[in-house]
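In: Have a look at this fold, sequence not included:
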């Protein structure tokens, strides 16, 4: 292609020199339509002509965003601060080619070349220009991104008309993973999920847009957690929480209660508060399938039997305490109200005896009263007892056959209150 353009250019130049077809002032754009990948480098080939004996003093490149005659220009040979992305690779004789580095989408559009010679009329602009198109590398996805399925990622360069002759590299999450125009993902699992890009091997800056591969799957690891525990007292709240891993996330939750051979649906939210004990499970589903949790058994301890047993136990203990207290108080009162029998046997060894003679009235008072007389003897016992409750009692004991003897026992006790 370039050889053909070059041949045509030399032919036109010969014709121009002969003065047959063209003016001596001219700019030729060898490619009027140019395609470039974003991030790559591109060259706009160009040639220019002018009358003999004139000297080119400056060359300029302009973009359609600005005036093609007065600028501002994206490149000016007399300027000092030209952008480093736009480089003039021609000369001031006939080559006016321009190279653009790291092409951006804003670089698209029409480019024109202008030159100025040393003659007063020596200014010329090639108004036809070259039109630059900037595109991205494209990635085509074929297949479904489901666990176990196969997916192919194809990197295409639209500037080549879909031609896959370019050398490509593949990246996953920024790391080089493969080379070639097609990336094959077989029997996919969650490990294949990630962000994929392809780029030209010769231009690492020419990179496709990010393609996110999100491997989808049905519910996994479905389970039920119980708060606070699977056995609580009556009146306490039990919360059942159903959890599962799925992509896309679980769409439907169903709670079931198992009663013998009957299975009843009792809830349709991820969190469920049962009203009674029994066996429960949850079932979850998304567009790729469903899964059931294992069965959990709840036990709610009845309040009233426990309460009744505790009440009976407490009442029994209370009755026993009351009966014991009554018996103790009764015994204490009996001891206080009963008069104790005098018991002087323990202190008999400490008793003092006094014998008092009793005389007969007819007996003579003269002489020795103890001689040849019959005396009546009175026995008296005095007992001091501090161990018993106050009491004084005298006992007069008459002995049969001897009325002349009187026995008296006196026990000292504490006063009766």
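Out: Sure, I can see it. All values reported here derive from a predicted model rather than from experimental measurement.
In: helix or strand for residue 291, which one?
Out: Element membership for residue 291, per DSSP states H and E: strand 289-292.
In: buried residues in that strand?
Out: Within strand 289-292, the residues that qualify as buried are 290, 291, counting by 16 or more other Cβ atoms under 10 Å. C-betas here are computed from N, CA, C, even on glycine.
In: for it, packing partners?
Out: Under the contact criterion of 3 or more Cβ pairs under 8 Å, 6 or more residues apart in numbering; DSSP states H and E, strand 289-292 touches strand 217-227, strand 278-286.
In: what's the next secondary structure element after that strand?
Out: The helix or strand immediately downstream of strand 289-292 is strand 296-301, counting by DSSP H and E.
In: And that next one, what does it pack against?
Out: Using 3+ Cβ pairs under 8 Å, 6+ apart: strand 296-301 touches strand 217-227, strand 231-233, strand 278-286.
In: Would you give the sheet partners of whichever helix or strand comes after the shortest one, along with the direction of each?
Out: Toward the C-terminal end, the helix or strand that comes next after strand 231-233 (DSSP H and E) is strand 239-247. The pairing partners recorded for strand 239-247 under DSSP bridges are strand 217-227 (antiparallel), strand 271-272 (antiparallel).
In: List of residues touching strand 239-247?
Out: 190, 214-227, 250, 253, 255, 270-274, 280, 282, 284, 286, 288, 291, 293, 296 (Cβ atoms under 8 Å, 6 or more residues apart in numbering).
In: Next, format the helices and strands packed on strand 289-292 as a markdown table and append distance to residue 206, mean neighbour count and mean pLDDT.
Out: Shown next, in a markdown table, are the helices and strands packed on strand 289-292 (distance: least, Cβ to Cβ, whole Å; neighbours: other Cβ atoms under 10 Å; pLDDT from 0 to 100):
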| stretch | distance to residue 206 | mean neighbour count | mean pLDDT |
| --- | --- | --- | --- |
| strand 217-227 | 34 | 16 | 95 |
| strand 278-286 | 39 | 20 | 95 |
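In: List the strands paired with the strand holding residue 291, with their directions.
Out: Here, using DSSP bridges, strand 289-292 pairs with strand 278-286 (antiparallel).
In: How much space separates residue 280 from residue 54?
Out: 97 Å (Cβ to Cβ, to the nearest Å).
In: what do you get for residue 233?
Out: The value you get for residue 233 to residue 54, if Cβ to Cβ is used, is 108 Å.
In: Which of these two has more residues huddled nearby?
Out: Between residue 233 and residue 54, counted using other Cβ atoms under 10 Å, residue 54 has the larger neighbour count: 14 against 10.
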